[in-house]
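**Q** here is my input; please provide its structure:
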Amino acid sequence: MSIRLPRRGFLGGATVALAACAKKNEDEPPKGPRPGAPQEGEVPLPAPSVAAATMPKRQLGKTGESVSIVGLGGFHMGLPKDESESIRLVRSAIDRGINFMDNCWDYNDGRSEERMGKALKDGYRQKAFLMTKLDGRTKKAAAEQLEQSLRRLGTDRIDLVQIHEVIRPTDPERCFAAGGCIEALLDAKKAGKLRFIGFTGHKDPDIHLAMLKAADDHQFAFDTVQMPLNVMDAHYRSFEKMVLPVLVKKGIGVLGMKSMGSGTILESKAVTAVECLHYAMSLPTSVVITGCDSMGILDQAIAAALSFKPMEPAQVTALLDKTKDLAKDGRFERFKTSTQFDGTYKHPEWLEKASI
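**A** Residues are numbered from 1 along each chain as shown. The predicted structure is shown next:
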């Protein structure tokens, strides 16, 4: 038995709405009605057992782990009013082959982690590669936030923990300073509370490069890095051009986010949602994280992964030609040009304390 999805507007439901949200994070779009929501139609999606068997997987850098080409965004799965719907989203994603589970200590005031923890009971934890993020820049704050995340997620070990929102020029120095968050993460790794360490950010590729240099200077190697990768990024403060080659050379796992610019790229009317997702998947990403707050949107994310074929050079050129003029001032990547998506800008106390 197969599920049928629409031809017109395919994957539009995987986008985010345009209304402002009180708290923004990397995979967190504005709340509100979504354009192109799923309608009854003709595009078939395989039954769960078939989808799970055919879900494309990629290596996560040098970790030895194999992860699904698409990952389930942690912010969105915490949005449904009914907790049982969030649990259903997580379990359905895993049943159909998505094993990469994204989350963050501050998503939905901790609700996203709590719901993820409940969803991963009954044997699901063993099937998932579980990631969360911490805001704390000090050793004390990061250690306390990690303990909260472990409790909420209902696990004694998280596969990947990332330093969240590395968006300030001062972040690399703070993270690697004596008494900084890197010390907490290394202690936790030695204690078996986490397996791998990474960092995320959406503001400026120069800050990512500074973070990587700080790691080199301290003889530390990140396992993963998360950053925006999309058809607009290629033209403006480009993570793809400046950071991606460094990650590939170092063998660091690449976590792609904001393939649709948190919905703003679709406002341009220049590209479709499926083009956005397939563009990001065509890059040397280990996983492209996308938000799903309903079963219909999850269905479409899975269909995107199952239908993916690497874009031909001519297709890439055509997409970039269409977006070049639109992208040059960053107006469709507001996470780079404003503080709209900076959760720790609105809540600087998260950098120092373990309270939401």
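**Q** how confident was the prediction at Lys269?
**A** Looking at Lys269, its pLDDT stands at 90.
**Q** surely it is within a strand?
**A** No: using DSSP: H, G, I helix; E, B strand; the rest coil, the secondary structure at Lys269 is coil, not a strand.
**Q** ok, it - how many residues close by?
**A** Neighbour count for Lys269, taken as other Cβ atoms under 10 Å: 9. C-beta coordinates here come from the backbone N, C-alpha and C atoms, glycine included.
**Q** ok, it to Gly179 distance?
**A** 49 Å (Cβ to Cβ, to the nearest Å).
**Q** just Lys258 next, same as before
**A** Counting by Cβ to Cβ - Lys258 and Gly179 are separated by 32 Å.
**Q** give me the more crowded residue out of those two.
**A** Lys258 (32 against 12).
**Q** all helices of the stretch 151-300 of the chain, in order?
**A** 171-176, 181-190, 205-217, 239-242, 244-250, 264-267, 273-282, 295-307 (DSSP state H, counting those that start in this stretch).
**Q** what's in contact with the fourth one?
**A** In this case it means helix 239-242. Contacts to helix 239-242, defined as Cβ atoms under 8 Å, 6 or more residues apart in numbering, come from residues 205-206, 208-209, 227-229, 233-234, 283.
**Q** quick one: the strands in the stretch 101-250 of the chain?
**A** 129-134, 158-163, 194-200, 224-228 (DSSP state E, counting those that start in this stretch).
**Q** adding mean pLDDT and distance to Leu247, write the ones you listed out as TSV.
**A** Output for these, formatted as TSV (pLDDT from 0 to 100; distance: least, Cβ to Cβ, whole Å):
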stretch	mean pLDDT	distance to Leu247
strand 129-134	98	16
strand 158-163	98	14
strand 194-200	98	10
strand 224-228	97	6
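**Q** so which of those gets nearest Ala143?
**A** Closest approach to Ala143 among these (Cβ to Cβ): strand 129-134, 9.1 Å.
**Q** sorry, back to before: tell me which of the helices of the stretch 151-300 of the chain sits nearest to Gln145.
**A** helix 181-190 (8.8 Å).
**Q** got the CA coordinates for stretch 341-354 in CSV?
**A** Output of stretch 341-354 as CSV, limited to C-alpha atoms (Å, rounded to 0.1, in the frame of the first residue of the first chain):
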residue,chain,number,x,y,z
PHE,A,341,17.0,33.9,14.0
ASP,A,342,19.4,34.4,16.8
GLY,A,343,18.0,32.7,19.9
THR,A,344,21.0,33.5,22.0
TYR,A,345,20.9,37.2,21.0
LYS,A,346,17.4,37.4,22.5
HIS,A,347,18.4,35.2,25.4
PRO,A,348,22.1,35.9,26.2
GLU,A,349,21.6,34.3,29.6
TRP,A,350,21.6,30.9,27.9
LEU,A,351,25.3,31.4,27.2
GLU,A,352,26.0,31.4,31.0
LYS,A,353,23.2,29.6,32.7
ALA,A,354,21.3,26.4,32.5
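**Q** looking at this protein, which helix or strand is least sure?
**A** Across the helices and strands of the chain, mean confidence by mean pLDDT, DSSP states H and E is lowest for strand 3-5: a mean of 37.
**Q** rewinding a little: can you tell me which of the helices of the stretch 151-300 of the chain is nearest to Arg58?
**A** helix 273-282 (9.4 Å).
**Q** other SSEs contacting the closest one?
**A** On a contact count with 3 or more Cβ pairs under 8 Å, 6 or more residues apart in numbering; DSSP states H and E, helix 273-282 meets helix 264-267, strand 287-290, helix 295-307, helix 313-327.
**Q** now, of those, which is deepest in the fold?
**A** strand 287-290 (a mean of 30; mean count of other Cβ atoms under 10 Å).
**Q** what about it, distance to the chain center?
**A** Its chain's C-alpha centre and that of strand 287-290 lie 5 Å apart, by Cα atoms, centre = their mean, to the nearest Å.
**Q** repeat for stretch 122-129
**A** 19 Å.
**Q** list the buried residues of it.
**A** 124-125, 128-129 (16 or more other Cβ atoms under 10 Å).
**Q** show residues contacting that stretch.
**A** With Cβ under 8 Å, 6+ apart as the criterion, stretch 122-129 contacts 60, 65, 67, 90-91, 94, 99-101, 120, 154-155, 159-160.
**Q** can you give me the end-to-end distance of it?
**A** Using Cα to Cα, to the nearest Å, the end-to-end distance of stretch 122-129 comes to 16 Å.
**Q** picking up where we left off before, what's the closest of the helices of the stretch 151-300 of the chain to Pro48?
**A** Per Cβ to Cβ, nearest to Pro48 of these: helix 295-307, 9.4 Å.
**Q** quick one: mean pLDDT for the closest one?
**A** Here the average pLDDT along helix 295-307 is 88.
**Q** kindly reformat the strands of the stretch 101-250 of the chain as TSV containing distance to Lys81.
**A** Shown next, in TSV, are the strands of the stretch 101-250 of the chain (distance: least, Cβ to Cβ, whole Å):
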stretch	distance to Lys81
strand 129-134	23
strand 158-163	27
strand 194-200	27
strand 224-228	28
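**Q** who wins for proximity to Thr317 among the helices of the stretch 151-300 of the chain?
**A** Of those, nearest to Thr317 by Cβ to Cβ is helix 273-282, at 11.6 Å.
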